[in-house]
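1. build me a model from this:
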Amino acid sequence: YGFAAFGFAFFQIVLVFILLRLIQGIAAAIMIPNSHAYIAELIPKGKESLIMGILNAVSVFGYGAGPIMGGIIADKSGMNMAFICTGTMVLAGAFLTLFGLPPVNKEKRSKENSDSSTNDLWKKIIKDKETAGIIFVILVVEFCIVAIWTVLPILADTVFQVSVKHIGLLVSAAVLMNGIVSVPAGWLGDRFSKKKMIICGGLLMALSVSFMEHAGSYSIMLAANVLLGISQGIVLPCVRALAVSKGNQTKAMTSVMGALTIGQYIGMMLGALIAGTMMDIWGTNYIFYVCAALTLVATLFFANSQRK
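-> Model prediction:
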């Protein structure tokens, strides 16, 4: 991933850019589930939601800080320097991982699944109804996040006719609240029912998206986005904590985290594609109905899929 980032600074060919993005996508697909699984295996029992909440908050704030830092660096020193800084930070993280984490022979290993084939592990995961409910929830949450991000700037510009600064505030409100709420919601998730918290968060998410459809002013839309961010901050730490518990139960932590990552990115991809297509055909409003309906369906499916 780091070397591919350096490539953007030294090549100015579109096909090379596409190849570099492909390499980064493959690298991210390798890193994310393994890093999450590594963290999950180190979590003390009873603190799954809290640690996943911290991880979610760090990720969210990283997503928010990255574009700001990149923009500042690009303005001051040029676009190439932004890519060089990205590559440098990624490689620094790689070296910290290489020398700061225990060697391979000291990593925790699952004895139960040491002789199991990859196909057997994935069959076990796919056939498990509880795991399916967890993956479906995160797929729908990511679908709604990306779909709403796709629609909001256009809606704010054409309907509310606000400045770029206000559009940025509208988009970042949910992200900011997601990061702020994740840690306390994770702390609560370790003390109360994760299932009930996810159900409450899902219903709040459906309600906030419904408000967006009927928002008659910028301030109402902003308030709905704040509610959306709160709902995401409630749902995501608890969903990932349940995934940690499922990984410990099945002795297939990396596979469970990989399945969760697949669901997350499928939701993001479909959210952008479907929102863009619907805007071209029917305008901006219908995507809110779709997101609200999907959120309710996912919440009900999850509620029926979990034992407790």
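
2. for the rest of this, base every contact and every neighbour count on C-alpha atoms.
-> OK.

3. residue ranges of the strands in the stretch 1-150 of the chain, please?
-> Per DSSP state E, counting those that start in this stretch, the stretch 1-150 of the chain carries no strands over any range.

4. show me where pLDDT drops low in it?
-> For the stretch 1-150 of the chain, the stretches flagged by pLDDT under 70 are 67, 102-121.

5. and the helix ranked longest in the chain, what other elements does it pack with?
-> Of all the segments of type helix in the chain, defined by DSSP state H, the longest one is helix 218-250. The contact analysis (3 or more C-alpha pairs under 8 Å, 6 or more residues apart in numbering; DSSP states H and E) places helix 218-250 against helix 14-42, helix 48-77, helix 129-155, helix 164-189, helix 194-213, helix 253-282.

6. run through who's touching the fifth one.
-> Just to be clear, that refers to helix 194-213. Helix 194-213 is contacted by residues 189, 220-221, 224-225, 227-228, 230-232, 234-235, 238-239, 242, 285, 288-289, 291-293, 295-296, 298-300, 302-303, 306, 308 when judged by C-alpha atoms under 8 Å, 6 or more residues apart in numbering.

7. cool, and stretch 122-136?
-> Against stretch 122-136 from outside (C-alpha under 8 Å, 6+ apart): 239, 242-243, 246, 255-256, 259-260, 263-264, 298, 301-302, 305-307.

8. contacts only, for residue 184.
-> So residue 184 contacts 50, 53 (C-alpha under 8 Å, 6+ apart).

9. ok, it to residue 48 distance?
-> Distance from residue 184 to residue 48, counting by C-alpha to C-alpha, to the nearest Å: 13 Å.

10. over to residue 56?
-> To residue 48, residue 56 is 12 Å away according to C-alpha to C-alpha.

11. same question for residue 75.
-> Residue 75 is 41 Å from residue 48, by C-alpha to C-alpha.

12. so for the two, which residue has more residues nearby?
-> A count of neighbours by other C-alpha atoms under 10 Å puts residue 48 above the other of residue 75 and residue 48, at 25 against 12.

13. is it true that that one touches residue 243?
-> No - with contact defined as C-alpha atoms under 8 Å, residue 48 does not reach residue 243; the gap is 9.4 Å.

14. check contacts around residue 298.
-> Residues counted as contacts of residue 298 (C-alpha under 8 Å, 6+ apart) are 133, 136, 137, 140, 202.

15. most neighbours out of those residues, which is it?
-> Most neighbours among the contacts of residue 298, by other C-alpha under 10 Å: residue 137, with 30 neighbours.

16. wait, that one touches residue 302, no?
-> Yes - shown here, residue 137 and residue 302 form a contact pair, counting by C-alpha under 8 Å, at 6.9 Å.

17. could you export the helices and strands packed on helix 218-250 to TSV, including columns for distance to residue 6?
-> As requested, those are exported to TSV (distance: least, C-alpha to C-alpha, whole Å):
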stretch	distance to residue 6
helix 14-42	10
helix 48-77	14
helix 129-155	27
helix 164-189	28
helix 194-213	39
helix 253-282	24
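
18. nearest to residue 97, out of these?
-> helix 14-42 (9.8 Å; C-alpha to C-alpha).

19. list the buried residues of the closest one.
-> 17, 20, 21, 23, 24, 33, 34, 36, 37, 38, 40, 41 (16 or more other C-alpha atoms under 10 Å).

20. list the contacts for the fifth one?
-> If you count contacts by C-alpha under 8 Å, 6+ apart, residue 24 has them with 1, 4, 5.

21. thanks a lot, catch you later.
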